[in-house]
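Participant: starting from these lines, generate the structure:
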Amino acid sequence: MIKKMFGKIMAIALVAGVLSPLSAQDTPGVEAGIDFSSTYIWRGSDALVVKQDAAGDAREFFNFAPVVMPSFTVNTPIEGLSFNIWASYALMARANADGALRAADEIDFSGTYEFDTTMGGFGFTYVLYAFPTTMGSYYSYGEVIGTYTIPVLLNPTFSIAASDGSGGSYEYLTAGISHAIEFGSMSLEPSLTFGWWYYNTATNANWGHIDVALPFSISVGDNLSFHITPLLVYRIFADGDTQYLDPTGSLADRPSAIGAVTIGASLSF
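Facilitator: Got it, this is the predicted structure:
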């Protein structure tokens, strides 16, 4: 399935004009960043919702389960080629009695190649998701991602991601728009993204989400920037998947909306 998916993407890329001159991507160098978030929301799900469960609380819109997320990126001399290491580490409730959020600790390793054509920008990424302490032992799986951005107003961007097989059988698709508003050293870039999980098994229900993000950043010189990003997620569950078993064993409604706030900084050199 993965070969078929990327075969189609590459065919589109060839028609679009892969052999046309590449536009400038990031210059060679490294970038280090660190984020602090009120919780870890990934593709419509709160990865740290077990904190609410362990406390006996109902799952609600805002889950205060702070995490630190460091990142390190190397932009190679090969135009458009970069490598990244990213991690998430829960800052509280790490003991079993408190929810054992350490089980959600994560380290991701990825390589990305991006290029522009006369018809838009393409990107290909391979990610290895590693969970050092999940279920008391190391666990990992890989994923391949293809993206396409149309060079018009609001930068419509589409992506498809698929497990390499070790992480189950699924595809995850997105379609989104964004627009940057710059004023001096400050930038506001609101975005709207629709994501959809498609599982190739009968045991998982397909579901989607709509994200609204409002990243605001301030640059200090040419290499340092600070940012804050409020995030609102509205989730679209399939019939029969709108409830979960709470810690007492009773059925409870999943919250349709969840949110988080992230602050951080990045330094390039």
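Participant: in contact with the residue nearest to Gly121 when sequence neighbours are not counted: list those residues for me.
Facilitator: Once flanking residues are discounted, Gly121 sits nearest to Thr149: 4.3 Å by C-beta to C-beta, 6 or more residues apart in numbering. Yep, even glycine has a C-beta here, placed from its N, CA and C like the rest. Residues near Thr149 by C-beta atoms under 8 Å, 6 or more residues apart in numbering: 120-121, 123, 155-158.
Participant: how about 7 Å then?
Facilitator: By C-beta atoms under 7 Å, 6 or more residues apart in numbering, the contact list for Thr149 reads 120-121, 155, 157.
Participant: and if you look at Ser88?
Facilitator: By C-beta under 7 Å, 6+ apart, the neighbours of Ser88 are 40, 67, 69, 105-106.
Participant: among those residues, which are in strands?
Facilitator: 67, 69, 106 (DSSP state E).
Participant: who's the second one bridged to?
Facilitator: In this structure, Met69 has beta-bridge partners Asp35, where bridges are defined by DSSP bridges.
Participant: what does the last one give?
Facilitator: Beta-bridge pairing for Glu106 (DSSP bridges): Ser88.
Participant: what about it, how many residues close to it?
Facilitator: Per other C-beta atoms under 10 Å, the neighbour tally for Glu106 reads 22.
Participant: ok, the one 3 residues further on next?
Facilitator: Under the neighbour criterion other C-beta under 10 Å, Phe109 is assigned a count of 16.
Participant: I'd like to know how far it sits from Asn84.
Facilitator: As defined by C-beta to C-beta, to the nearest Å, Phe109 lies at a distance of 8 Å from Asn84.
Participant: likewise Gly29?
Facilitator: Taking C-beta to C-beta, one finds Gly29 at 13 Å from Asn84.
Participant: likewise for Asp246?
Facilitator: 37 Å.
Participant: and Ile34, by the same measure?
Facilitator: From Ile34 to Asn84 the distance is 14 Å (C-beta to C-beta).
Participant: if we can go back for a sec, filter the contacts of Ser88 down to the buried ones.
Facilitator: 40, 67, 69, 105-106 (16 or more other C-beta atoms under 10 Å).
Participant: can you pull the contacts of Asp164?
Facilitator: Contacts of Asp164 (C-beta under 7 Å, 6+ apart): 2, 141-144.
Participant: try 6 Å this time
Facilitator: Gly142 (C-beta atoms under 6 Å, 6 or more residues apart in numbering).
Participant: can you read off the pLDDT for it?
Facilitator: pLDDT for Asp164: 78.
Participant: ok, it to Ser140 distance?
Facilitator: From Asp164 over to Ser140 (counting by C-beta to C-beta), the distance is 11 Å.
Participant: show me the strands in the stretch 51-200 of the chain, by range?
Facilitator: 67-75, 81-90, 106-117, 120-131, 139-149, 157-163, 170-178, 181-183, 186-188, 191-199 (DSSP state E, counting those that start in this stretch).
Participant: what sits up against the last one?
Facilitator: Strand 191-199 has contacts (C-beta under 6 Å, 6+ apart) with 43-44, 170-178, 206-213.
Participant: how about the fourth one?
Facilitator: Applying C-beta under 6 Å, 6+ apart, the set of residues contacting strand 120-131 from outside is 13, 106-115, 139-151.
Participant: listing partners with orientation, what would you give for that strand?
Facilitator: strand 106-117 (antiparallel), strand 139-149 (antiparallel).
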